Structures are given as structure tokens and as C-alpha cells.
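K.L.:
need coordinates for the below:
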Amino acid sequence: MNAELVRIVDSIARDKNIEKDEVYLDLEQAMESAVRKAYGQLDEVKVSIDRLTGDISAARNGEPIDMRDLGRIAAQTAKQVMIQKIREAERGSIFDEFQDRKGTVVTGTVSRYEGGALIINLGRAEGFLPKSEQIPGETHHPGERIRTLILDVRESPHQVKIVLSRSHPDFIRRLFELEVPEVSERIIEVKALAREAGYRTKIAVSSIDMKVDAVGACVGVRGSRIKNIVVELGGEKIDIVRWNESSQILINNALKPAEVEETALCFELGRATVVVPDDQLSLAIGKRGQNVRLAARLTGWDIDILTPKEYNKGLDDMEKVLSSLEGMTSEKIEKMMAMGIISLGDVEEIGVEPLMKVLGLSEELAQQVISTSSEAAKRLMAEAEAAKAAAAAAAAAESAATSVTEGVETDPGIRLGKAAEEAGAVDGATVPSDAGDGPKPEAPAEPLGTEGVQTPEAGASQQPA
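P.N.:
Numbering: from 1, shown residues only. Next up is the predicted model:
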């Protein structure tokens, strides 16, 4: 009985997470390769290992042989084949294990950086965190424990490549499942999520239990639950909003903390026009448009933010232009507004078919409405550009005039001359600005004396040229 072989096979199978029968098969193939190496590649070789006792029986061309008689070279061949087979089996085991865990969060230890990518030790394998999947501005040090999302698992000839991510939106979703029991138990459902890694995330949640407040449960007592997630993400801001089946209410919730006055939806264009007060405009748009951009991705609508003045101007312009067309009554224009068409540009984009289907217009009238709206929109845009250019030119001229005035006032010589005038200089004579640092006035041309010094006539006024 070869108990030592059985013990070694059990140890390899346990450490490498491989089936014992697979290890025995690899050993048998390695020994068959060793026999062929010793006697010949064309020989018929059969090696079997008893799974219970570990006894080895080998036959060559039907005749039994003793494996101990093969020699050192054959034994080395068996060793190399066995190592290769076990590595392949281990690689397959690792691939199957992490393939099943794809999309879940794992905890590992930072090993090293390789060309900007982070190599993370996950125990049986190493994970690869590319630069593109890291949170911008975040740094890690060797030995640091880190949470990541298994994004993809790829099998290569020499290793299993496990691609990790910390910037993927699903990473936020899995963190909520870990920190909020109601999410993992499916009492609270994450309906939508939009993220700009390292800066801000918006997440819409709803509860199937009327007694459970979805937003409150995700935030936790005094923000305890959301605080753990924010710390894990390095201070990234997270907005938790309440989900609603009504797109209009959902858009209003998604744009918080800004207050919305009115929302107009145009289903044909997939666009939502949101009216906010002037003092809420910057808050609704957010820093570099971040708030409205995330709200658009969260709700699936293109969102335009307008002030009441801009909104009313668009409606007035559209009504003024379209009411001049024969066949366009006020009721039809109001129907267009109800469709979410609130400007001449929207009329141009919507096309002929919706106007014919919803408003009952003829094809000719629909074409005329679109062409007229397009021409009017271009004209109004040109007028706005001209007014803008004129305002800019006026502002530039005013700025230039102010600069000239300021330059005159700040000239030291002029200031000294003004001081002399105020002091009551006699005979209209002015004080030259020799004492200052400004430009000196030139004296009138006079004949030079014998010493080359100008000798102005007595009592003449020395005005600068």
C-alpha cells in the first residue's frame, strides 16, 4: 500500500481546489510519458493507480514493468508533465471559481503597481486593476486592504486574468447590498444608478414594503450606513433619490437639491424641459453640468434647464410665428405645447409625422409649419448673435474708455500740473513735469546760445508742444 502517494494527492487536491480523481489522471498521464521516454514513443503503455491504496501498476505492450527501473531522465520527464498538468488543472479551477463570482465585491491586498495598473492579491490568484477602472485621484500602498468589483475573468495560455474595477456603477450597487440589509434582502430595490467615479453618484431606490422608507434605510441612523460607503469611495458624494414611475416626478427628484417649478416632457424627442427659478439655475446645472448630466443618465431623458424668462420667450416666439400660418389655430398650438414642444427649434426637430398624427395636420401644412419654424429660428438666432456682438463691442469700448481715463488720471506729471493749477499758477505758466516719472514736455524750438542751452524769452509761457 502506497499511503504516502494517497496523502500527497489529497494535499494537492485540497490546496489547489482540484478533484482528486483529476490529480490521479494527471499522474497516470505523466507516468505514461515517462515510460515512452524510456522505451519508445510508439509503444503501447498503460499505467493505473489504485485510488484507495495508491499502488501503481504499469504495462508496456501488455507486459508489466516496474516504474522504479525507468531511470532519472524518465523520472524528470514524469515530474515536468505532472507539474504542467496540475498547473493547467489549477488554472481551470481558478477560472471556474472567479467566473462564478463575476460581478461581486472581493477584498484583496495591494501587491504592486505595474505601469499604472494595480496588482491585487486575492488569495489563490492575482487581480488586475487597470488605470481606467481606478477612482481618479485615489492612491494605494502595498499591503493595503482594498475592496474591488470583479469586472471580467479571462483565460489566457499561462494564467487567468481577473479584471477588477472600483469605478464601475455596479460597485456602488454591491456596496449598498453589503451595507444595507434591506437591499440584499430585496426589500429595497436599486432602480437606477448614474455615477461619475470620484466625484458624484445618483441612485434611485424604491421599497416593496410600505412600512420601510427606502431613502431613510439607505442613509441609516445619523447617516451611519451611507457614511461607510462614502469612506470606502474616498469621499465621493452620493445622492439618494426616491424612485417614481412618473417620469415627471422622477426628473424633479433627480435634480434635487434644486427646486423645480415646471417640467414639460416631449416623448417624441425623449426630451424634458425643466423650468427652475433664476436663483436655482446654477444649483440645478451643478458644477460643470454634473448635476443635470447625472440626472439625465439616471432618468433616461435629455434634460434642458431653462429659467422662466427663457421658457416664456420660447413659447411666445413659437405662438407668434405659428399663429400667422393659415390653418394653425390656438387650439393646435396649445396641443403642440402639451406635447412638450416649447420652442421653434423643437418644431424643426420633431418632424412631419407627429404633427400629422397628433394635430391632424395635412402633410403640406405640416411641411409649412416646419419650414417656417426653421427659418424663424435661424432669424431669431442671428438677431440674438448680433445683439450679443453689439453688447460685447459696447462693453469693450466702455472698458477702453475707462482704461484711457484711468491712464490719464494716474500720470504723475498730469497730477502735478493739476496741483499747480489748483494752487493758482500766475501768467498761465505750467509747471514742467520734471519731478515725476512720466513723459517730459518738449519746449518750443529756440535758437541755441553759445553754450548750447535754450534761452527762452523772459516772461514767455513755456507750454509743452
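
K.L.:
tell me the domain ranges of the chain?
P.N.:
3-98, 101-167, 309-393 (automatic domain parsing).

K.L.:
dump the ones you listed into a markdown table; add mean pLDDT and mean neighbour count as well.
P.N.:
Placement of C-beta: from N, CA and C, glycine included. Shown next, in a markdown table, are these (pLDDT from 0 to 100; neighbours: other CB atoms under 10 Å):
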| stretch | mean pLDDT | mean neighbour count |
| --- | --- | --- |
| domain 3-98 | 83 | 15 |
| domain 101-167 | 89 | 16 |
| domain 309-393 | 85 | 16 |
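
K.L.:
can I get these in JSON lines with distance to Glu259?
P.N.:
Output for these, formatted as JSON lines (distance: least, CB to CB, whole Å):
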{"stretch": "domain 3-98", "distance to Glu259": "47"}
{"stretch": "domain 101-167", "distance to Glu259": "31"}
{"stretch": "domain 309-393", "distance to Glu259": "15"}
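
K.L.:
just how off-centre is stretch 149-168 within its chain?
P.N.:
Put simply, stretch 149-168 sits 21 Å off its chain's centre (CA atoms, centre = their mean, to the nearest Å).

K.L.:
which one's the longest helix in this protein?
P.N.:
Ranked by residue count and defined by DSSP state H, the top helix of the chain is helix 363-409.

K.L.:
which secondary structure element is home to Leu281?
P.N.:
For Leu281, the element it lies in under DSSP states H and E is helix 281-285.

K.L.:
report the beta-bridge partners for Ile240.
P.N.:
Ile203 (DSSP bridges).

K.L.:
list the contacts of it.
P.N.:
203, 205, 215, 218-219, 226 (CB atoms under 8 Å, 6 or more residues apart in numbering).

K.L.:
likewise Ala258?
P.N.:
276, 280, 283-284, 291.

K.L.:
make it 10 Å
P.N.:
With contact taken as CB atoms under 10 Å, 6 or more residues apart in numbering, Ala258 is in contact with 252, 274, 276-277, 279-286, 291-292, 295, 305.

K.L.:
now do Met356
P.N.:
Met356 neighbours (CB under 10 Å, 6+ apart): 362-363, 365-367.

K.L.:
for the following helix or strand past the helix holding Leu281, packing partners?
P.N.:
Remark: after helix 281-285, the chain's next helix or strand is helix 290-299, criterion DSSP H and E. Here helix 290-299 touches strand 188-196, strand 200-207, strand 237-242, helix 247-254, strand 271-275, helix 281-285, strand 302-306, going by 3 or more CB pairs under 10 Å, 6 or more residues apart in numbering; DSSP states H and E.

K.L.:
please identify the most buried of those.
P.N.:
Most buried of the helices and strands packed on helix 290-299, by mean neighbour count (mean count of other CB atoms under 10 Å): strand 271-275, with a mean of 23.

K.L.:
before we move on, back to that, quick one: closest of the domains of the chain to Gly300.
P.N.:
Shortest separation from Gly300 across the domains of the chain is recorded for domain 309-393, at 15.1 Å, computed as CB to CB.

K.L.:
and that closest one, how far out from the chain middle?
P.N.:
35 Å.

K.L.:
between its first and last residues, how far does that domain reach?
P.N.:
25 Å (CA to CA, to the nearest Å).

K.L.:
before we move on, what about stretch 116-125?
P.N.:
Using CA to CA, the two ends of stretch 116-125 sit 20 Å apart.

K.L.:
tell me what the helix holding Leu281 is packed against?
P.N.:
helix 290-299, strand 302-306.

K.L.:
now the ones you listed as CSV including mean pLDDT?
P.N.:
Shown next, in CSV, are those (pLDDT from 0 to 100):
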stretch, mean pLDDT
helix 290-299, 93
strand 302-306, 91
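
K.L.:
can I get those in TSV including distance to Gly235?
P.N.:
Below are the helices and strands packed on helix 281-285 laid out as TSV (distance: least, CB to CB, whole Å):
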stretch	distance to Gly235
helix 290-299	15
strand 302-306	26
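
K.L.:
just the residues contacting stretch 30-45, thanks.
P.N.:
46-49, 56, 58-62, 65, 67, 69-71, 73-86.

K.L.:
in the sheet, which residues pair with the spatially most central residue of the chain? Tell me.
P.N.:
Using CA atoms, centre = their mean, the residue of the chain that lies closest to the mean C-alpha position is Glu196, 3.6 Å off. When assigned by DSSP bridges, Glu196 has beta-bridge partners Arg200.

K.L.:
so what's it up against?
P.N.:
136, 167, 169, 202, 236-237, 288, 290, 293-294, 297.

K.L.:
farthest pair within these?
P.N.:
Pro169 and Arg288 (19.5 Å).

K.L.:
those two: who's more crowded?
P.N.:
Pro169 (18 against 9; other CB atoms under 10 Å).

K.L.:
against Leu365, how distant is the nearest residue to Leu233 once chain neighbours are set aside?
P.N.:
Leaving aside its chain neighbours, Leu233 sits nearest to Ile135 (6.8 Å; criterion: CB to CB, 6 or more residues apart in numbering). Between Ile135 and Leu365 the computed distance is 55 Å (CB to CB, to the nearest Å).

K.L.:
rewinding a little: how about the helices and strands packed on helix 290-299 in JSON lines, adding distance to Val260?
P.N.:
Shown next, in JSON lines, are the helices and strands packed on helix 290-299 (distance: least, CB to CB, whole Å):
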{"stretch": "strand 188-196", "distance to Val260": "18"}
{"stretch": "strand 200-207", "distance to Val260": "15"}
{"stretch": "strand 237-242", "distance to Val260": "13"}
{"stretch": "helix 247-254", "distance to Val260": "5"}
{"stretch": "strand 271-275", "distance to Val260": "6"}
{"stretch": "helix 281-285", "distance to Val260": "8"}
{"stretch": "strand 302-306", "distance to Val260": "9"}
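
K.L.:
check contacts around Ser374.
P.N.:
344-345, 347-349.

K.L.:
let me know the distance separating it from Arg51.
P.N.:
Distance from Ser374 to Arg51, by CB to CB: 83 Å.

K.L.:
for Ile303, same thing?
P.N.:
67 Å.

K.L.:
what do you get for Gly127?
P.N.:
36 Å.

K.L.:
same check, this time on Leu298
P.N.:
58 Å.

K.L.:
tell me how far the nearest residue to Asp304 once chain neighbours are set aside lies from Val292.
P.N.:
Nearest non-adjacent residue to Asp304, counting by CB to CB, 6+ apart: Thr273, 4.9 Å away. Distance from Thr273 to Val292, counting by CB to CB: 12 Å.

K.L.:
what is in contact with these two at once?
P.N.:
302-305.

K.L.:
could those go into JSON lines alongside distance to Arg186?
P.N.:
Listed next are these as JSON lines, based on distance: CB to CB, whole Å:
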{"residue": "Asp302", "distance to Arg186": "32"}
{"residue": "Ile303", "distance to Arg186": "30"}
{"residue": "Asp304", "distance to Arg186": "36"}
{"residue": "Ile305", "distance to Arg186": "35"}
